[in-house]
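Asker: Quick check, what structure comes out for this input:
(2 chains)
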Protein chains: 2
Amino acid sequence: MSESHHKTTSDIDYILISDAVGSLVQDVYHSANVQFPNAPLHSELYPFIQDKDSLIEALHDAEDYHSGVIATLINQEMHQYAKDFCADKGLFYQNILADILFDMEKRLDKAPSQKPGIRHQLDDHYYQRIEALEFAVLNDDGQHPNRFEEADIVLLGVSRTSKTPLSMYLANLGYKVANLPLLPESTLPDVIYDINPDKIIGLTNDVNVLNKFRRERLRSYGIEDPNIYSDDSRIHEELDYANDIYAKLNCPIINVADRSIEETATLVLMFLQKNNQL
Amino acid sequence: MSESHHKTTSDIDYILISDAVGSLVQDVYHSANVQFPNAPLHSELYPFIQDKDSLIEALHDAEDYHSGVIATLINQEMHQYAKDFCADKGLFYQNILADILFDMEKRLDKAPSQKPGIRHQLDDHYYQRIEALEFAVLNDDGQHPNRFEEADIVLLGVSRTSKTPLSMYLANLGYKVANLPLLPESTLPDVIYDINPDKIIGLTNDVNVLNKFRRERLRSYGIEDPNIYSDDSRIHEELDYANDIYAKLNCPIINVADRSIEETATLVLMFLQKNNQL
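Answerer: Got it, this is the predicted structure:
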């Protein structure tokens, strides 16, 4: 890029091209980008690029900004056009799916359908996810213990063990999740001892993490003094109560301290797979 | 693979290796796999592969099954080892992130941190997502109209316009979403006219889709006769009522018929970006 009208620093470092909604190409970009903390990289998403005209428009923007191009293009003609264009202009190009599709094609001796966006097609799995999300919202916070039997996964835990976000994350993967808060003062619904114990997971957390969480929650209510909710011995009492129940149920226990929702969800699914529940 | 003890057809076609939870490598694999409908391909996920011993174990399984290897490995030494191993054994290998990381490194003149799993690190964005998910569950189904002002996005819609799953999907991306069902019989909370109209989205659906959905819901209750809930003129009345409100609010309208949650979510975010609300 010797011509003077070209920018030397890019306003857009990477152009992300998808023939569908673009969530995958964004995830790939983000996963790489987080490896360079505090380094400013800018990207621009071009979703629903399904014809050559809109592809050419996106590629011309890449040329103008001298951006790299990261794509998830299913159509082989579109892919080849983008690849040749970028090679010609000296731009980085990667189509995340191209090599894998080519390998699958060889392995199956069968051509791919080349239909964009079918990852999000309205198939049985899709409706299962919708149903799972609605189930998880309805069965958050132990609202309907009589529906635990229907659930694929029942999460138990004291306050601030990520029950709600974990339920929604797992539901988004298609699992019907119910969660039940454990509190020494409230009576546990009997149904918990009747359902299949292999689908129950006990969540716990470190005392210091719980204490920090709870102080922050109180602070958000304008309460600065420590009180029973964030008191260490109270937290111990709650955790002991929970551990007693987990022992009675003989369920796996996951400590969510220092674990992201994704990590905890992976552990939950590994436990259930081990128990042949999925 | 001429040796007779090797299987000619694989039990595991692809081994998916991740140094973290593996959601990205699974998404990439799934996006390619759905392009071969009805073709049986099997994969096995190896998550949390963070040292050479566990990597070697996974690669030996790939050798045994003559599987392709798809990876998201951040560590360059691990990547190089897997790449050389697969080249040596004639196995397909792709590390989704390798080329992109290399290009970013050149562009930034800076080495990547090589820390696995930091996409899911417990940073500000992470806590924002947790908060958003809790907000979305609390503010599902118009439970707390007084909190609409806090929301990043307020979704309006008649029954069966995917309000709940759409809210949870957007919340999982970090947006605080409230949704409000529209029903001619119920009074709209006044607050809807006080909040910033640029963050309101009206959801609608096709009459025939709504009719089908509702008949199915009734059938699940054991009611086979058509009744007022699935009656076309009733559905028209509800949609007209909703359209009147959308016109008064001057908000964008999205028809969710034939759209997946991901597609609708992308449209919602595009509208809000256009209004400079994100």
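Asker: Run through the residues of the stretch 101-250 of chain A sitting next to chain B.
Answerer: Neighbours of chain B within the stretch 101-250 of chain A, by C-beta under 8 Å from any C-beta of the partner chain: A:101, A:103-105, A:107-108, A:110, A:112-115, A:117-122, A:126, A:129-130, A:133-134, A:136-137, A:140, A:162, A:164-165, A:168-169, A:171-172. Bear in mind the C-beta positions are built from the backbone N, C-alpha and C, glycine included.
Asker: one more time with 6 Å
Answerer: Residues of the stretch 101-250 of chain A lying close to chain B (C-beta under 6 Å from any C-beta of the partner chain) are A:101, A:103-104, A:108, A:110, A:112-113, A:118-120, A:130, A:133-134, A:137, A:140, A:164-165, A:168.
Asker: In helices only, show me the residues you listed.
Answerer: A:101, A:103, A:104, A:108, A:130, A:133, A:134, A:137, A:164, A:165, A:168 (DSSP state H).
Asker: Filter those down to the buried ones and hand me the PyMOL line.
Answerer: In PyMOL, this line selects whichever of those come out buried by 16 or more other C-beta atoms under 10 Å in any protein chain shown:
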select buried, chain A and resi 101+103+104+130+133+134+137+164+165+168
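Asker: Between all of the ones in helices among the residues of the stretch 101-250 of chain A next to chain B, which two are separated the most?
Answerer: A:108 and A:164 (41.1 Å; C-beta to C-beta).
Asker: give me the number of residues near residue A:222?
Answerer: 6 (other C-beta atoms under 10 Å in any protein chain shown).
Asker: Local confidence estimate at it?
Answerer: In this model, residue A:222 is scored at 74, pLDDT.
Asker: cool, residue A:129 as well?
Answerer: 86.
Asker: Also residue A:188?
Answerer: Predicted confidence (pLDDT) for residue A:188: 89.
Asker: Quickly find the element holding it.
Answerer: Following DSSP states H and E, there is no helix or strand that holds residue A:188.
Asker: sorry, back to before: quick one: which of the ones in helices among the residues of the stretch 101-250 of chain A next to chain B is nearest to residue A:82?
Answerer: residue A:101 (14.4 Å).
Asker: Verify the stated contact: that closest one with residue B:34.
Answerer: No: at 10.8 Å, residue A:101 and residue B:34 do not qualify as touching, with contact defined as C-beta atoms under 6 Å.
Asker: hey, where'd the helices end up in the stretch 101-250 of chain A?
Answerer: In the stretch 101-250 of chain A, the helices defined using DSSP state H, counting those that start in this stretch lie at A:124-138, A:163-172, A:207-220, A:232-249.
Asker: for those, which one ends up most surrounded?
Answerer: Compared across these, helix A:163-172 shows the largest average neighbour count, a mean of 26 (mean count of other C-beta atoms under 10 Å in any protein chain shown).
Asker: how big is the angle separating that helix from helix B:124-138?
Answerer: On the basis of axes from the mean of the first three to the mean of the last three C-alpha atoms, to 10 degrees, helix A:163-172 is oriented at 90 degrees to helix B:124-138.
Asker: And helix A:163-172, what does it pack against?
Answerer: helix A:124-138, strand A:177-181, helix A:261-274, helix B:124-138 (3 or more C-beta pairs under 6 Å, 6 or more residues apart in numbering or on different chains; DSSP states H and E).
Asker: Dump the ones you listed to CSV, plus distance to residue A:201.
Answerer: Formatted as CSV, these follow (distance: least, C-beta to C-beta, whole Å):
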stretch, distance to residue A:201
helix A:124-138, 14
strand A:177-181, 10
helix A:261-274, 5
helix B:124-138, 18
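Asker: Quick one, which of the ones you listed gets closest to residue B:50.
Answerer: Evaluated with C-beta to C-beta, the helices and strands packed on helix A:163-172 place helix A:261-274 nearest to residue B:50, the distance being 12.4 Å.
Asker: re the thing from before, mean pLDDT for the helices of the stretch 101-250 of chain A: which is lowest?
Answerer: Among these, helix A:207-220 has the lowest mean pLDDT, at a mean of 79.
Asker: tell me how far the worst-scoring helix or strand of chain A on mean pLDDT is from the chain's mean position?
Answerer: For chain A, counting by mean pLDDT, DSSP states H and E, helix A:207-220 ranks last in confidence among helices and strands (a mean of 79). Centroid separation for helix A:207-220 versus its chain: 25 Å, with C-alpha atoms, centre = their mean, to the nearest Å.
Asker: which stretches of the stretch 1-150 of chain A form strands?
Answerer: A:14-18, A:43-46, A:68-72, A:93-95 (DSSP state E, counting those that start in this stretch).
Asker: could you redo those strands as CSV and give each row distance to chain B, mean neighbour count and mean pLDDT?
Answerer: Shown next, in CSV, are the strands of the stretch 1-150 of chain A (distance: least, C-beta to the nearest C-beta, whole Å; neighbours: other C-beta atoms under 10 Å in any protein chain shown; pLDDT from 0 to 100):
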stretch, distance to chain B, mean neighbour count, mean pLDDT
strand A:14-18, 8, 26, 96
strand A:43-46, 9, 18, 92
strand A:68-72, 5, 27, 97
strand A:93-95, 5, 23, 98
